[in-house]
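Participant: Task: produce atomic coordinates for the following.
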Amino acid sequence: MNIAQIRAPARVLAIRNWTRLPGHGLRNHALQIDLVWCDGHTYMSIPNPQTERIFTYEAMNRPLFEEPTEAVEREDPFTGPQGFMIGDEFLPKRPELAQQYFDAAHLILESIKRGDWEDYKLVNPALFLYRHSLELLLKEIVGGSRRGHDLAELADALAEAVRARTGGSVPSWIMTRLKEIASIDPGSTAFRYGENYDPVAKRSTPPVSSALYVSLPHLQRAMLTLNAALVGAIAEIATSHPVRYVAEDD
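Facilitator: So this is what the prediction gives:
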């Protein structure tokens, strides 16, 4: 008997407390494995009500991506049923996708401010979502089919595009903010993986050489300001996905 041959459920991987019972066999129930044989020994799982609620048949076996039916039809997003539609006409355009990432970051910070989560538990997700939103906005403004993630290069491309189209220049504070973020996460890996990759040295390096502090209220306000400025360059977002946040008092 191989542990990999056990069909259901994956619950056995989550249990932390086991009692070894030499000489017993395997009893496999529909939603609970009481005894598991492994490496010549038998282990009995300790009952855990919370685990039982998590490892249901539906949670383990129902597909995540399903064909839509009449059961998912609704009059508005708030009355339900709640769910996501992807593909066909539901594929977002790049400006809307950028706004989705921005809104998700904003909601994370709002949840921290409400006390729903500790700030240190959501550092990288929030920063990555903000950064990725900026990357998508810059690619939309610059145009073309850019596939790279270099934020500094995109900032320079933004300056060139504005100069070519209008003869003007990007406000210095926008360029400074973009380059500041690019200095920490130039290639979209620092906030995703906690490291940057140095292609010359062919090794990973820490995003910063020493600890830095990010004020949550300042981050939220600064990103809202930058988002509003970049969104202003894309009329499509202004009508289809407007920013609906109340500005703070100056």
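
Participant: How about the host helix or strand of Lys113, which residues are buried there?
Facilitator: According to DSSP states H and E, Lys113 maps onto helix 94-114. Residues 95-106, 108-109, 112 are the ones in helix 94-114 that count as buried (16 or more other CB atoms under 10 Å). (Each C-beta comes from the backbone N, C-alpha and C, glycine too.)

Participant: Okay, now the unreliable bits of the chain?
Facilitator: By pLDDT under 70, the low-scoring segments of the chain are 1-52, 234-250.

Participant: residue boundaries of the strands in it?
Facilitator: Ranges of strands in the chain, per DSSP state E, are 18-20, 27-28, 33-38, 41-45, 196-198, 203-205.

Participant: related to what we said a few turns ago, where does the helix holding Lys113 sit relative to the chain's centre, distance-wise?
Facilitator: Helix 94-114 has its C-alpha centroid displaced from the chain centroid by 10 Å (CA atoms, centre = their mean, to the nearest Å).

Participant: Which neighbouring elements make contact with it?
Facilitator: With contacts taken as 3 or more CB pairs under 8 Å, 6 or more residues apart in numbering; DSSP states H and E, helix 94-114 sits against helix 123-142, helix 216-231, helix 235-240.

Participant: which outside residues touch stretch 125-140?
Facilitator: Outside stretch 125-140, the residues that touch it by CB atoms under 8 Å, 6 or more residues apart in numbering are 94-95, 97-99, 101-102, 104-105, 108-109, 146, 149, 151, 154-155, 157-158, 178, 181, 185, 188, 191-192, 214, 219, 223, 226-227, 230-231, 234.

Participant: and with 7 Å instead?
Facilitator: Applying CB atoms under 7 Å, 6 or more residues apart in numbering, the external contacts of stretch 125-140 come out as 94-95, 97-98, 101-102, 104-105, 108-109, 146, 149, 151, 154-155, 158, 178, 181, 185, 188, 191-192, 223, 227, 230, 234.

Participant: Kindly report the same for stretch 72-90.
Facilitator: Pro68.

Participant: switch the cut-off to 10 Å
Facilitator: Stretch 72-90 is contacted from outside by Leu64, Phe65, Glu66, Pro68, Ala71, Leu91, Pro92, using CB atoms under 10 Å, 6 or more residues apart in numbering.

Participant: what about that stretch, start to end distance?
Facilitator: By CA to CA, to the nearest Å, the extent of stretch 72-90 from end to end equals 14 Å.

Participant: In this structure Ala155 contacts Met175, no?
Facilitator: Yes. Under the criterion of CB atoms under 10 Å, Ala155 makes contact with Met175 at 6.0 Å.

Participant: Please identify which of those two sits among more neighbours.
Facilitator: Ala155 (22 against 15; other CB atoms under 10 Å).

Participant: The more buried one: what's it in contact with?
Facilitator: Ala155 touches Leu134, Leu138, Val142, Val170, Ile174, Met175, Thr176, Arg177, Leu178, Lys179, Ile181, Ala182, counting by CB under 10 Å, 6+ apart.

Participant: Identify the farthest-apart pair in those.
Facilitator: Val142 and Thr176 (18.3 Å; CB to CB).

Participant: Which of the two has more residues huddled nearby?
Facilitator: Ranked by neighbour count (other CB under 10 Å), Val142 and Thr176 place Val142 first, with 18 against 10.
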